[in-house]
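[1] Sequence first, predicted coordinates after that:
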Amino acid sequence: MNPETVSVSTGRRTAYLVVLVLAPPLLLALAVPAVWGWGIGVRDLLIAAVMYLVSIFGIAIGYHRLFTHRSFRCARPLRIALLLAGGMAVEGPVTLWAAEHRRHHKYADRQGDPHSPWCYGDSGLALLRGMAHAHVGWFYSARLRSNRRHWVPDLLADPDVRRFDAWYPGVVALSFALPALAGGLLSMSWAGAWTGFFWGGLVRYAVVHHVTWSVNSVAHTFGERPFTTRDRSSNVRWVAMLTLGEGWHNWHHVEPTCARHGVLRGQLDPSARLIRWFEQAGWAYGVHWPDPSRLAVRATTRQRPPG
Ligand SMILES: [Zn+2]
Ligand SMILES: [Zn+2]
């Protein structure tokens, strides 16, 4: 049998440390004097916004709801587009991402969860340390990683996924080349290519990372828990807005295969909306939409599902 976890080499952990932990805050720090000195033009803002939306939708709809949880099925061109969009976020090959995330769901906030903010205890300082661990610390500190053969045999058997993971470094290169190309072509200048690369590539990837990680750290610590779960998954509105729906994390832990995370009144879930549009266009099918009777049964507060 394939064990749940395998050890990870120091070299790989160091790579995670640089790409996932150290580089993003450094780039964000660099962005501050850049704005101070030169400002940010409409063109770069637009390029960065488009790259942000593609990356976050790619993670939310592609990596998370489609490939990790199988909350819908879709036509092959859309699957490939969603893989590529998720790859733009520079959060690793989809098999690695999904393996860690499936383990997170199995052990959420208990022994075995790769990134629980409660792993050091409930007291103030322990929780603060736990949040840092859940946010980025686990990338470097974890000596064991989720074994892909155990967690994602379905993805490993998928030729499109295998090809995507094999070409993953190329996808990362594309994630930085595209905004540079857009900046260069829109301005017809090398300077435009450079600022497009800086804002739409580097700064955008740093922001996307911290927005994604905040689901693990913030949406397992603060916020409301209208549904009963065995873990501390919660709903945090600002995280939900930045992650295009992923911050409605409480219901997601009740029904991980549900394509909609924001199921209560006023919980905007742009990722679910987009899946709905894909369904209406005939590109997505077999979508797991929430069952109103299940919502009512699991609700523990006065909040009620719409309709
Ligand atoms: Zn979670
Ligand atoms: Zn999930």
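    Nice, I can see it. All of these numbers come straight from a predicted model, not from anything done at the bench. Ligands and ions are numbered 1, 2, ... in the order given.

[2] How about stretch 203-222, which residues are buried there?
    Neighbour counts using 16 or more other C-beta atoms under 10 Å place 203-209, 211-221 of stretch 203-222 among the buried residues. Backbone N, C-alpha and C define where each C-beta goes, glycine included.

[3] Show me the contact partners of the helix or strand containing residue 35.
    For residue 35, the enclosing helix or strand under DSSP states H and E is helix 23-38. The contact list for helix 23-38 (C-beta atoms under 8 Å, 6 or more residues apart in numbering) reads 40, 198, 199, 202, 203, 205, 206, 207, 209, 210.

[4] among those residues, which two are most distant?
    Among these, the pair separated by the greatest distance (C-beta to C-beta) is 40 and 209, at 19.4 Å.

[5] what about the longest helix in this protein?
    helix 168-187 (DSSP state H).

[6] That one: what's the following helix or strand?
    Following helix 168-187 in sequence, per DSSP H and E, is helix 190-196.

[7] For that following helix, buried residues please.
    192, 193, 195, 196.

[8] now for it, which elements pack on it?
    With contacts defined as 3 or more C-beta pairs under 8 Å, 6 or more residues apart in numbering; DSSP states H and E, the packing partners of helix 190-196 are helix 42-57, helix 168-187.

[9] And stretch 76-95, end to end?
    By C-alpha to C-alpha, to the nearest Å, the extent of stretch 76-95 from end to end equals 18 Å.

[10] For residue 194, give me its contacts.
    Contacts of residue 194 (C-beta under 8 Å, 6+ apart): 180, 183.

[11] same deal with residue 64?
    Residues counted as contacts of residue 64 (C-beta under 8 Å, 6+ apart) are 101, 246.

[12] Tell me, what's the model's pLDDT at it?
    Per-residue pLDDT puts residue 64 at 98.

[13] now do residue 305
    49.

[14] can you check residue 231 too?
    Note for residue 231: predicted pLDDT of 94.

[15] hang on, isn't it packed against residue 104?
    No - at 9.3 Å, residue 231 and residue 104 do not qualify as touching, with contact defined as C-beta atoms under 8 Å.

[16] what's the following helix or strand after the host helix or strand of residue 81?
    Assessed by DSSP H and E, residue 81 sits inside helix 76-87. Later in the chain than helix 76-87, the nearest helix or strand by DSSP H and E is helix 94-107.

[17] Which parts of that next one count as buried, going by neighbours?
    By neighbour count on 16+ other C-beta under 10 Å, the buried set for helix 94-107 is 94, 95, 96, 97, 98, 99, 100, 101, 102, 103, 104.

[18] Give me the contacts around that helix.
    With C-beta under 8 Å, 6+ apart as the test, helix 94-107 has contacts from 4-5, 62-64, 67-68, 83, 86-87, 91, 112-116, 145-148, 150-152, 155-156, 161, 164-165, 216, 253, 256.

[19] Same check on stretch 268-281?
    With C-beta under 8 Å, 6+ apart as the contact definition, stretch 268-281 has outside contacts at 57, 60-61, 65, 71-72, 74, 78, 240-241, 244-246, 248, 259-262, 284-285, 287.

[20] sorry, back to before: pull out the buried residues from the helix holding residue 35.
    By neighbour count on 16+ other C-beta under 10 Å, the buried set for helix 23-38 is 23, 24, 27, 31.

[21] what mean pLDDT does it have?
    pLDDT averaged over helix 23-38 gives 84.

[22] ok so, going back, closest to residue 141 among the contacts of helix 23-38?
    residue 209 (17.0 Å).

[23] The closest one should be in a strand, yeah?
    No - assigned with DSSP: H, G, I helix; E, B strand; the rest coil, residue 209 falls outside any strand and is helix.

[24] That one touches residue 90, doesn't it?
    Yes - if you go by C-beta under 8 Å, residue 209 and residue 90 touch, sitting 7.3 Å apart.

[25] and stretch 131-144, how far from the chain's centre?
    How far stretch 131-144 lies from its chain's middle: 16 Å, per C-alpha atoms, centre = their mean, to the nearest Å.

[26] Start and end of it, how far apart?
    19 Å.

[27] buried sites along it?
    For stretch 131-144, by 16+ other C-beta under 10 Å, it's 131, 133, 134, 135, 136, 137, 138, 139, 140, 142.

[28] Any chance of the residues you listed in a markdown table with pLDDT as columns?
    Formatted as a markdown table, those follow (pLDDT from 0 to 100):
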| residue | pLDDT |
| --- | --- |
| 131 | 94 |
| 133 | 94 |
| 134 | 94 |
| 135 | 95 |
| 136 | 93 |
| 137 | 91 |
| 138 | 93 |
| 139 | 90 |
| 140 | 91 |
| 142 | 88 |
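
[29] Quickly note the distance from residue 32 to residue 293.
    As defined by C-beta to C-beta, to the nearest Å, residue 32 lies at a distance of 50 Å from residue 293.
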